[in-house]
Each structure stands twice: as C-alpha cells, then as structure tokens.
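K.L.:
Below are the sequence and a predicted model; questions follow.
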Amino acid sequence: MHTCMQKSKQEFQIQSRGITILSMLGIHQLLLLLSLPS
C-alpha cells in the first residue's frame, strides 16, 4: 500500500510539472501572437 501511494505521488508530481510546462508554452505562444502586427 505504501509503495503504491509513493508511486501515485511521483506520477502526480510529473503530471503537474508537465501541465506547468504546457501552460507556460501556451502563454508564450499567446504573447508571440499578440506581439505580432495583425
């Protein structure tokens, strides 16, 4: 049970890190689009 909890915690940390990177990339792309003259 304890090892299972550790595994899920590790997976959650990796998932949250991936979400953070994705959101940062999304914001970066939005800023690029906004800075471009339309």
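P.N.:
On my side now, so go ahead.

K.L.:
residue boundaries of the helices in this protein?
P.N.:
Taking DSSP state H to define them, one finds helices in the chain at 2-35.

K.L.:
Tell me which residue is most central in it.
P.N.:
Computing the C-alpha centroid of the chain and ranking residues by Cα atoms, centre = their mean puts residue 19 first, at 1.9 Å.

K.L.:
Near residue 28, how many other residues are there?
P.N.:
Other residues near residue 28 come to 10 when the count uses other Cβ atoms under 10 Å. C-betas here are computed from N, CA, C, even on glycine.

K.L.:
pLDDT score assigned to it?
P.N.:
Residue 28 carries a pLDDT score of 96 in this model.

K.L.:
Okay, it and residue 21: tell me how far apart.
P.N.:
Counting by Cβ to Cβ, to the nearest Å, the separation of residue 28 from residue 21 is 10 Å.

K.L.:
overlap in contacts of those two?
P.N.:
Taking Cβ atoms under 8 Å, 6 or more residues apart in numbering as the criterion, residue 28 and residue 21 do not both touch any residue.

K.L.:
where in this protein is pLDDT low?
P.N.:
Across the chain, residues meeting the criterion (pLDDT under 70) sit at 1-2, 38.

K.L.:
please redo it, this time with the cut-off set to 90
P.N.:
In the predicted model, the chain carries pLDDT under 90 at residues 1-8, 10, 36-38.

K.L.:
since we're on residue 15, how many residues are nearby?
P.N.:
The criterion is other Cβ under 10 Å. On that basis, residue 15 has 10 neighbouring residues.
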